[in-house]
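**Q** My questions concern the predicted model and sequence given below.
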Amino acid sequence: MRWRPVLAGSGAGTYTGRNRTWKAMKAAYITQTGTPDLITYRDLPTPKPTRRQCLIKVAAVDVNPIDVYIRSGAIPAKLTFPFILGRDLAGTVVEVGASVKDFKTGDRVWATSQGSDGRPGTFAEFAAVDKRWVHRIPEGVSDEDIVALSLTGVTAQLGLVRNANLKTGEVLFVNGGTGGVGACVVQMAKILGARVVATAGTDEKVAACRDLGADLAVNYKTQDVAGAIKGFAPDGVNVWWETLREPDFDRAIGLLAMRGRMIVMAGRDAHPPFPVGPFYVKDCSLHGFAMFNASAREQRSAANAINRWVAEGKLRARIDRVLPLSQAAEAHRLQEQSTIHQTGVLAGKLVLKP
Ligand SMILES: NC(=O)c1ccc[n+]([C@@H]2O[C@H](COP(=O)([O-])OP(=O)(O)OC[C@H]3O[C@@H](n4cnc5c(N)ncnc54)[C@H](OP(=O)(O)O)[C@@H]3O)[C@@H](O)[C@H]2O)c1
């Protein structure tokens, strides 16, 4: 449902307006774009599920860089205020609409791709989510772990399988092997049988890259990354996954193998130079994508792979810390410092609990 910001007679845990009554729930929302301190954590009406929706009692959400861009206004988005922040959630179904047959009350589920295209976000005690975005949580997997693997995991799986068509035995390079996306790319590339090179900005994170499965991990601040890649893969890199918002195409394309594929998925305002000659004479290809353009069917296929791998213990979440949802503003400050200002203060995902 869309929020109706004009509400009359709120109080005693309920809201009334337009002949309807809503129970109150806590939510982290904005009424205009701007700095993190504009995030309010207060009561809003609990949504009622439509025919196609599951009402989910939220147990955990996480923060992604896209949340920062939307909240700050860096990405112009059509928002309905009050706008509840957040893309991902994990929780329990408490009510289903009449046409929902695959889920029932009590099911533990996760979802991503909320908070866009008119859908409210997830930073709340309850969220009503269309059934096509809802996935089961495998038994034994925690809400915190699955939510920390949701948007980033879908992104990594789509990029590696649908876009790059990564094959067993190929060499994959990823910049930022412990970042939200990077940690999923490293683990999934290993699951898919690749040989993996990753970078990180501290020795602790370099060790963490190895722990995630990287065959070679390089400190991008203190080591010669290009030299290390050449030593590891003399014939070049088959898939180069760039997480940086300002890709260095000269370096990446120079290190790509024949028929190498490069993934770009960040840097809306970036206009870096591009070496056309070195690119085409090696039959290389460039794949740009945004996970939120993927259809619900494509996302379900990625979600199924994530569920399988996490249940098998092959895919692990990296969580920096878990905070109460009331600290959503602080979480946004941390994510902004870490990703946008490139301080790297985070060593894993930020998870919040209502
Ligand atoms: N297109 C899509 O569908 C999609 C989906 C998800 C995310 N994204 C975008 O992808 C980007 C990454 O997202 P994320 O969630 O992974 O962010 P993140 O968790 O903040 O990770 C950023 C990574 O970049 C690394 N890094 C920073 N400066 C570096 C440098 N100079 N050289 C090499 N690595 C460097 C960091 O390494 P250290 O921490 O070791 O310094 C960190 O691993 C963001 O811009 C995000 O908006 C796009």
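**A** Looks like it came in fine.

**Q** What segments of the stretch 1-150 of the chain are helices?
**A** All helices of the stretch 1-150 of the chain, identified by DSSP state H, counting those that start in this stretch, fall at 65-72, 143-148.

**Q** Can you give me the pLDDT of the spatially closest residue to L38 that is not a sequence neighbour?
**A** Excluding the flanking residues, the one nearest L38 by Cβ to Cβ, 6 or more residues apart in numbering is I30, at 5.3 Å. Where C-beta positions appear, they are placed from N, C-alpha and C, glycine not excepted. Looking at I30, its pLDDT is 98.

**Q** isn't I30 right up against R71?
**A** Yes. Using Cβ atoms under 8 Å as the test, I30 is close enough to R71 to be in contact (5.9 Å).

**Q** who touches both of those two?
**A** Common neighbours of I30 and R71, using Cβ atoms under 8 Å, 6 or more residues apart in numbering, are 38-39, 85.

**Q** ranking these by neighbours, who comes first?
**A** L85 (28 neighbours; other Cβ atoms under 10 Å).

**Q** Tell me the residues of the chain that contact the ligand?
**A** 64-66, 152, 155, 175-176, 178-182, 199-201, 205, 220, 243-245, 265-266, 290-291, 338-339, 342, 344 (Cβ under 6 Å from any ligand atom).

**Q** Which PyMOL command selects the buried ones in those?
**A** This is how PyMOL selects the buried members of the residues of the chain next to the ligand, with burial counted by 16 or more other Cβ atoms under 10 Å:
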select buried, resi 64+65+66+152+155+175+176+178+179+180+181+182+199+200+201+205+220+243+244+245+265+266+291+338+339+344
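
**Q** quick revisit: who has more neighbours, I30 and R71?
**A** R71 (30 against 24).

**Q** mean confidence score for the biggest helix by length in the chain?
**A** Counting by DSSP state H, the longest helix found in the chain is helix 296-311. Mean per-residue pLDDT for helix 296-311: 98.

**Q** Just the buried residues of that helix, please?
**A** Applying a neighbour-count criterion of 16+ other Cβ under 10 Å, the buried positions in helix 296-311 are 298-303, 305-307, 309-310.

**Q** can you check stretch 186-201 too?
**A** So, applying 16+ other Cβ under 10 Å, buried residues of stretch 186-201: 186-192, 194-201.

**Q** one step back: would a markdown table of the shared contacts of I30 and R71 with distance to P47 and pLDDT be doable?
**A** Output for the shared contacts of I30 and R71, formatted as a markdown table (distance: Cβ to Cβ, whole Å; pLDDT from 0 to 100):
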| residue | distance to P47 | pLDDT |
| --- | --- | --- |
| L38 | 22 | 98 |
| I39 | 19 | 98 |
| L85 | 15 | 98 |
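
**Q** This completes my enquiry, with thanks.
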